[in-house]
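*Asks:* show me the folded form of this:
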Amino acid sequence: MEGGDSCISEIHSTQEDSDSKILEKVVVKEKSKKLRCAVSASGDGFRRQGNAFSPSSGAVSAEFMRMYYGFERIKIPAEPGVKVAKIDNFKTVPGSGIMENLGRMPVISATSNGVITIQLSNNLDIDMSIEQNVRVRSPFFTSMSTASNRCTALVHESGMLLHDGRVVNGYFPANTHNNIEHNAVIGPTGIVFSSSNLSTAYYVDPDFNFTPIDSKEIDFPFMKYDFASKIFFTKCPFSNKRLERCQFWLKTATVSRMRLMRETHYQVSIGPLLVLEDTATGQVEITCPFQKILCNSKTGSIEVRNSNKICLTAGTNGMSSMKLDKKRVHVSCSGFLASEGGAAASLHATGELSCY
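*Replies:* Purely as a prediction, here's the structure:
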């Protein structure tokens with residue numbers, strides 16, 4: 001089906017006797033109106049400019065968004081003995097629970113401080129400022145990355161990681177998989193790490209020599225809050241020029257379905273940002289200048305990579321890792337692992353330190 005055409009299946013029941021029913025399926029084609037007008041952005045989505053629609057009317061704005069983008073779901077009233085049919089913009093899906101897997105088309109809106117928001121399926125939102133800073137948020141995680149690669153942050157229940165341009169700080173809280181907290185810092189001269197059940201921290205130099213340090217002499221950064229969102233909004237001050245640039249990107253944004261693949265794949269292109277979404281599996285790939293984010297809003301896993309050889313990962317299975325060049329720190333339910341090149345050191349949950 002091409003363009004804005006939508007296929008709506010209406011189900012009529014005709015009863016010939018008291019024991020059986022014959023369901024007759026009638027296919028009705030409905031073409032949406034072609035609207036050629038300027039579109040502006042507001043906090044709750046797109047709105048049409050002109051006298052035809054009132055800018056302050058939320059109901060009219062929602063109707064225009066439904067006609068223009070077709071992301072609003074339509075429901076057919078249920079008849080006795082007939083299952084409910086849920087309809088999206090492309091096909092009719094009978095039964096219940098299937099439409100949630102197919103998802104909806106992405107919705108793009110803007111805020112007054114010049115931040116563009118892309119709402120995807122499975123409760124995943126992507127925020128992008130005109131400086132090309134990107135924030136990804138879901139019920140499982142929040143990540144943030146700047147276009148200059150000077151700051152990359154990830155907040156997850158398995159690990160809270162922050163790269164400030166020089167070092168990578170990591171706090172791995174206690175969870176259902178592991179009752180031990182870990183702290184680690186990766187710098188250009190080595191790795192420092194410690195655990196909550198130990199009174200000693202360890203410093204690993206580039207030659208992989210271990211030096212024990214008293215934990216009281218080390219002040220690890222406090223990371224028990226959503227620092228990713230705080231950093232993102234401190235870089236988004238309000239100005240009229242920001243809002244004008246944001247509106248220009250909104251007018252040139254495109255949302256399309258990838259017809260060469262499965263029909264649950266969507267592609268969003270807005271400014272320098274490219275988003276590929278598979279609503280069935282929840283897998284989302286976000287590509288922007290010098291960085292890439294791979295996440296899954298269903299499983300809660302996320303991976304953030306940039307051109308500075310920084311890689312931050314986290315998952316709901318208690319595993320989390322951070323990488324700076326060849327230095328890597330990996331935390332799981334079994335313990336802590338620090339590695340560089342071909343050498344590695346593991347800190348077990350019992351406090352035993354092993355070298356490989």
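*Asks:* name the element Asn308 belongs to?
*Replies:* Element membership for Asn308 (DSSP states H and E) is empty, with no helix or strand holding it.
*Asks:* how about the nearest residue to it once chain neighbours are set aside, what does it touch?
*Replies:* In space, and not counting its chain neighbours, Asn308 is closest to Asn149: 4.7 Å by C-beta to C-beta, 6 or more residues apart in numbering. C-beta: built from backbone N, CA, C; applies to glycine. The contact partners of Asn149, taken as C-beta atoms under 8 Å, 6 or more residues apart in numbering, are Gly165, Phe290, Gln291, Asn306, Ser307, Asn308, Ile310.
*Asks:* repeat for Thr252
*Replies:* Taking C-beta under 8 Å, 6+ apart, we find Thr252 in contact with Ile270, Gly271.
*Asks:* and the contacts of Asn149, which is closest to Asp205?
*Replies:* Asp205 lies nearest to Ile310 out of the contacts of Asn149, by C-beta to C-beta, at 20.9 Å.
*Asks:* what's the neighbour count on the closest one?
*Replies:* When neighbours are defined as other C-beta atoms under 10 Å, Ile310 has 21 of them.
*Asks:* over to Asn113?
*Replies:* The burial count for Asn113: 15, using other C-beta under 10 Å.
*Asks:* that one in helix, strand or coil?
*Replies:* Here Asn113 is recorded as coil under DSSP: H, G, I helix; E, B strand; the rest coil.
*Asks:* for Leu120, see how far away it is.
*Replies:* Applying C-beta to C-beta, to the nearest Å, the value for Asn113 to Leu120 is 21 Å.
*Asks:* can you check Val167 too?
*Replies:* Plainly put, Val167 is 32 Å away from Leu120 if you go by C-beta to C-beta.
*Asks:* of those two, which one has the most company?
*Replies:* A count of neighbours by other C-beta under 10 Å puts Leu120 above the other of Val167 and Leu120, at 23 against 15.
*Asks:* pretty sure Phe232 is in a helix, no?
*Replies:* Yes: counting by three-state DSSP, Phe232 is located in a helix.
*Asks:* and it, what does it touch?
*Replies:* Residues counted as contacts of Phe232 (C-beta under 8 Å, 6+ apart) are Asp127, Ser129, Asn133, Arg135, Met144.
*Asks:* ok, now Arg135?
*Replies:* Ile126, Asp127, Met128, Thr142, Ser143, Met144, Ala228, Ser229, Phe232.
*Asks:* now those residues in TSV, with secondary structure?
*Replies:* Output for the contacts of Arg135, formatted as TSV (three-state DSSP):
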residue	secondary structure
Ile126	strand
Asp127	strand
Met128	strand
Thr142	strand
Ser143	strand
Met144	strand
Ala228	helix
Ser229	helix
Phe232	helix
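*Asks:* mind putting those into CSV with distance to Tyr356 and pLDDT?
*Replies:* Shown next, in CSV, are the contacts of Arg135 (distance: C-beta to C-beta, whole Å; pLDDT from 0 to 100):
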residue, distance to Tyr356, pLDDT
Ile126, 40, 93
Asp127, 42, 91
Met128, 42, 90
Thr142, 34, 93
Ser143, 31, 93
Met144, 34, 91
Ala228, 33, 90
Ser229, 38, 88
Phe232, 39, 88
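*Asks:* out of the residues you listed, who's nearest Lys251?
*Replies:* When those are ranked by distance to Lys251 (C-beta to C-beta), Met128 comes first, at 15.3 Å.
*Asks:* Gly351: helix or strand, and which one exactly?
*Replies:* Counting by DSSP H and E, Gly351 is part of no helix or strand.
*Asks:* nope, Gln247 is what I meant
*Replies:* Assigned by DSSP H and E, Gln247 belongs to helix 240-251.
*Asks:* domain ranges for the chain, per the record?
*Replies:* Here the domain assignment for the chain is 6-102, 107-355, based on automatic domain parsing.
*Asks:* mean pLDDT lowest for which of those?
*Replies:* Among the domains of the chain, domain 6-102 carries the lowest mean pLDDT, at a mean of 38.
*Asks:* hey, C-alpha coordinates of stretch 107-117 in CSV?
*Replies:* Provided in CSV are the C-alpha atoms of stretch 107-117 (Å, rounded to 0.1, in the frame of the first residue of the first chain):
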residue,chain,number,x,y,z
VAL,A,107,6.1,11.1,16.5
ILE,A,108,8.3,14.2,16.3
SER,A,109,7.8,17.3,18.4
ALA,A,110,9.8,20.2,19.8
THR,A,111,10.1,22.2,23.0
SER,A,112,10.5,25.9,23.6
ASN,A,113,14.3,25.6,24.4
GLY,A,114,15.1,24.1,21.0
VAL,A,115,15.0,20.4,21.8
ILE,A,116,13.5,18.0,19.3
THR,A,117,11.9,14.9,20.7
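*Asks:* mind listing what's buried along that stretch?
*Replies:* For stretch 107-117, burial by neighbour count (16 or more other C-beta atoms under 10 Å) applies to Val107, Ile108, Ser109, Ala110, Thr111, Gly114, Val115, Ile116, Thr117.
*Asks:* contacting residues around the last one?
*Replies:* By that I understand Thr117. Going by C-beta under 8 Å, 6+ apart, Thr117 touches Ile108, Ser109, Ala110, Thr111, Asp125, Ile126, Asp127.
*Asks:* you'd agree Thr287 is in a helix?
*Replies:* No: Thr287 is assigned strand when assessed by three-state DSSP, not a helix.
*Asks:* is the residue lying closest to it once chain neighbours are set aside in a helix, a strand, or coil?
*Replies:* Of all residues not flanking Thr287 in the chain, Leu274 sits nearest, at 4.6 Å (C-beta to C-beta, 6+ apart). Following three-state DSSP, Leu274 is assigned to strand.
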